[in-house]
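>>> Starting from these lines, generate the structure:
(chains A and B)
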Amino acid sequence: MKPDSAVNAPVDSRGPLLEVRNLHMRFPIRRGMMRRTVGYVHAVNDVSFYILPGETLSLVGESGCGKTTTGRCIARVYSPSSGQIIYRVDEQETIDLAELDNRELRPFRRQIRMIFQDPFSSLNPRLPILQIIGESLKVNRVASGSELEDRVAMLLQRVGLRPEYIRRYPHAFSGGERQRIGIARALALNPRLIVADEAVSALDVSVQAQILNLLQDLQEEFNLTYLFIAHDLSVVEHISHRVAVMYVGKIVELASTEELFNNPLHPYTEALLSAVPKPDPRLRNKGVRIRLEGEVADPGNPPGGCYFHPRCRFAQDRCRLEEPPVRELGQNHWVACHFAEELELRGFESIGAASNDIG
Amino acid sequence: MQPIHTRLDNSAPAADGVLLDVRNLQTHFFTDEGVVKAVDGVNLTLKRGQTLCVVGESGCGKSVTARSILRIVPAPGEIVSGQINFRKRQGGSIDLATMNPKGREIRRIRGGEISMIFQEPMSSLSPVHTIGSQIMEAIMLHLPVTKREARKRAAAMLDLVGIPRASERLDAYSFELSGGMRQRAMIAIALACEPQVLIADEPTTALDVTTQANILDLIRDLQQVTGMSVLFITHDLGVVAEIADEVVVMYLGRDVESGAVDAIFHDPKHPYTRALLQSIPRYGNHDRRRLYSIKGIVPHPFDRPRGCPFHPRCDDFIAHKCDRIDPPRQFIGREHSVRCLLYAGAPELNSDKELPS
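Purely as a prediction, here's the structure:
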């Protein structure tokens, strides 16, 4: 650990657990025989946010918006091209994860864990559950032998699986059970931050409800912090404290869940909210759906100015020329739009998605 | 654009408007390990111009039901009993269940009268043929047109489904299009011969929410233009609420409840339907309260529970009754049916009538 790489984040015991500052991730586009780099896909483009301890922050956006890449940079699966990932080690000390090498990262890999989307491809089919969950305990010399078995059995129990399953292989489990195994694996080393990348997207509704409840229970029990990456806005609304909306590698809006859903300030957020299917047939044709024309911009060749302007129904000349900075409007409500103050955008409620008298 | 959708009007009108009537369909898979009863008694009625949603969790048999209608159930699956009555465009009703799945007659119906779109457009479109040639293939197979006419019609179809610069895109390959555009291209192929019925098997599941909204709008708009009926298969109750006229809820190969969309959402009868509706995250629960979740998991198809297939997970389970009697399908409203012993008319427990399996 290099103490000199610690950055002056607010040294407050209630300060953020993680602060991302101006994060960039560029992937080279290679062409031709010599694999020459002809350009870059700017997957994450100047992203900044923080996560408080014990909170759930969701990253939402369409596929290709860079939400997964952001999560992977934080878990240091990728080495970011530039920017800082300031992680709070304890009350006094913070450290920039972005500049650490693999050896220096080792102590932090135990504290930041990932849960993946597809419970079928994220578990090794040739290993029994004991090894899948126990591997990280063994590698980090936390437990071995019969103690290891006890720990794994306890973890299985905690995520709602029978401890006898310890010698079974992944093929013997259903999708929901496999996702529980993935969660147990993430929990094994008592992490502080869990990056859940579309953790419930592949699951059926009834199983999805079980897993969401489990994630919330675990958060309370172990004071976990979640970075929850998802595209399903009703799930996000249910589980998050705050939500960040991403579009083509940038955060366009970030606010508390209630604020973002009731009072969106970015036209893209409004369009996303209006596209969510309303779970009540009586609300059909009530409210307005904003149809987004055209395609998501190519992150290898983004348009000038505001990246959203070709699809935005409010776009003006300024939007084509000038890139909007992220500004704070209202308390802890950030938005990147030139005209955020002037636009009258509709929240979830007035779009007509709210209903409580079902079932 | 030339008007291309005209043919449905001169089709023979059915007195009750029923186009497709599936009765007690059973499709079983005869595997080496045993018989999987993927579809085990499903009834559904699709009326002209309407949208019927089949909803259920994975493994409930909703896709196999759809494939049974088109007779494209993969081996070792077989329709073992039931009827699939379909009213042909020229008039007259036929039972698709008794047809030879490789015969000339069913091939005329596939794509011509009933067509299907799938979840993953990338794997259902050919990567080595242009979009145009794939649409033209469907057109020339079913309609007596020349190649030039087929190409013109293909361009008109792409235009109809909202693909910009349609005549240029005819020569594009599927990998050159985005996910939403691919799904539009697949819809263009499916609708090229003006089918009476479109079967859509989770067509929006792989798409982003904004693209999903556009595709749902497109299907609705096309339905207005063509008057086709849609059999929509999905697991997403939000989509059902948006698009359905009628709903069939499936669980373990059974139609546990069916009725009008409003009845299903506002007066659900079956405990499974109610549980499903309660387990979706709903806007407005700012206290982040726990979601209702159905206990347990969908049982393995090899060990189907005796009696009502839902009883091990049911909150309203009646001991010695639900685990013994297979609930029959009963009507509790004119078009609202449910398979559950909680409702009136449930047969008295009688050891003689106990089901053997």
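
>>> which SSE is residue 290 in?
Using chain A. Following DSSP states H and E, there is no helix or strand that holds A:Ile290.

>>> So it is in contact with A:Arg313, correct?
Yes: between A:Ile290 and A:Arg313 there is a contact at 6.9 Å, judged by Cβ atoms under 8 Å. Bear in mind the C-beta positions are built from the backbone N, C-alpha and C, glycine included.

>>> of the two, who's got more company?
A:Ile290 (20 against 12; other Cβ atoms under 10 Å in any protein chain shown).

>>> The more buried one and B:Val338, how far apart?
From A:Ile290 across to B:Val338, the span is 38 Å (Cβ to Cβ, to the nearest Å).

>>> for A:Met25, same thing?
Taken as Cβ to Cβ, the span from A:Met25 to B:Val338 is 53 Å.

>>> Look at the nearest residue to B:Thr51 once chain neighbours are set aside and report its pLDDT.
Leaving aside its sequence neighbours, B:Thr51 sits nearest to B:Val230 (Cβ to Cβ, 6 or more residues apart in numbering or on different chains; 4.4 Å). Looking at B:Val230, its pLDDT is 96.

>>> Could I get the full set of helices for the stretch 251-359 of chain A?
Along the stretch 251-359 of chain A, counting by DSSP state H, counting those that start in this stretch, helices occupy A:257-262, A:267-275, A:317-321, A:348-351.

>>> Run a quick neighbour tally on the closest residue to A:Glu253 other than its chain neighbours.
Sequence neighbours aside, A:His266 is the residue nearest to A:Glu253 in space, at 4.1 Å (criterion: Cβ to Cβ, 6+ apart). By other Cβ under 10 Å, 28 other residues sit near A:His266.

>>> quick one: the strands in chain A?
A:18-31, A:36-51, A:56-60, A:82-88, A:94-96, A:112-115, A:193-197, A:225-229, A:242-247, A:250-256, A:327-328, A:334-335 (DSSP state E).

>>> In the stretch 1-150 of chain B, which residue sits nearest chain A?
B:Glu57 (3.9 Å; Cβ to the nearest Cβ).

>>> Relative to chain B, which residue of the stretch 151-300 of chain A is the closest?
Closest point on the stretch 151-300 of chain A to chain B, by Cβ to the nearest Cβ, is A:Pro277, at 3.1 Å.

>>> That residue - nearest residue in space that isn't next to it in sequence?
A:Pro277 sits nearest to B:Gly238 (Cβ to Cβ, 6+ apart), 3.1 Å away.

>>> buried ones in stretch B:145-153?
B:Ala150, B:Arg151, B:Lys152, B:Arg153 (16 or more other Cβ atoms under 10 Å in any protein chain shown).

>>> Provide the contact partners of that stretch at residue level.
B:Gln2, B:Ile4, B:Gly132, B:Ile135, B:Met136, B:Ile139, B:Met140, B:Leu143, B:Leu170, B:Ala192 (Cβ atoms under 8 Å, 6 or more residues apart in numbering or on different chains).

>>> Among these, the buried ones, what's the ChimeraX command?
To isolate the buried ones among the contacts of stretch B:145-153 in ChimeraX, judged by 16+ other Cβ under 10 Å, type:
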select /B:4,132,135,136,139,140,170,192
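
>>> right, and A:Ala271 touches B:Thr211 too?
No: using Cβ under 8 Å, A:Ala271 is not in contact with B:Thr211, being 11.6 Å away.

>>> Could you check the angle the lengthiest helix in chain A makes with strand A:225-229?
In chain A, with assignment by DSSP state H, the single longest helix is helix A:205-222. Here helix A:205-222 runs at an angle of 150 degrees relative to strand A:225-229 (axes from the mean of the first three to the mean of the last three Cα atoms, to 10 degrees).

>>> Give me the packing partners of helix A:205-222, helices and strands only.
helix A:175-187, helix A:233-239, helix B:271-278 (3 or more Cβ pairs under 8 Å, 6 or more residues apart in numbering or on different chains; DSSP states H and E).

>>> quick one: contacts of stretch A:138-155?
A:Arg110, A:Ile129, A:Leu130, A:Ile133, A:Gly134, A:Leu137, A:Pro163, A:Ile166, A:Ala184, A:Leu187, A:Ala188, A:Leu189.

>>> if you average pLDDT over that stretch, what comes out?
90.

>>> Closest approach to chain B from the stretch 1-150 of chain A, which residue is it?
A:Glu62 (4.2 Å).

>>> so what's that residue closest to, chain neighbours aside?
Nearest to A:Glu62 is B:Asp208, by Cβ to Cβ, 6+ apart, at 4.2 Å.

>>> ok, now B:Phe118?
B:Ser124 (4.5 Å).

>>> Would you format the contacts of stretch A:138-155 as CSV with neighbour count and distance to chain B included?
CSV is the format used below for these (neighbours: other Cβ atoms under 10 Å in any protein chain shown; distance: Cβ to the nearest Cβ, whole Å):
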residue, neighbour count, distance to chain B
A:Arg110, 17, 28
A:Ile129, 27, 17
A:Leu130, 17, 22
A:Ile133, 27, 20
A:Gly134, 23, 24
A:Leu137, 20, 27
A:Pro163, 14, 18
A:Ile166, 19, 19
A:Ala184, 21, 17
A:Leu187, 20, 19
A:Ala188, 23, 23
A:Leu189, 16, 26
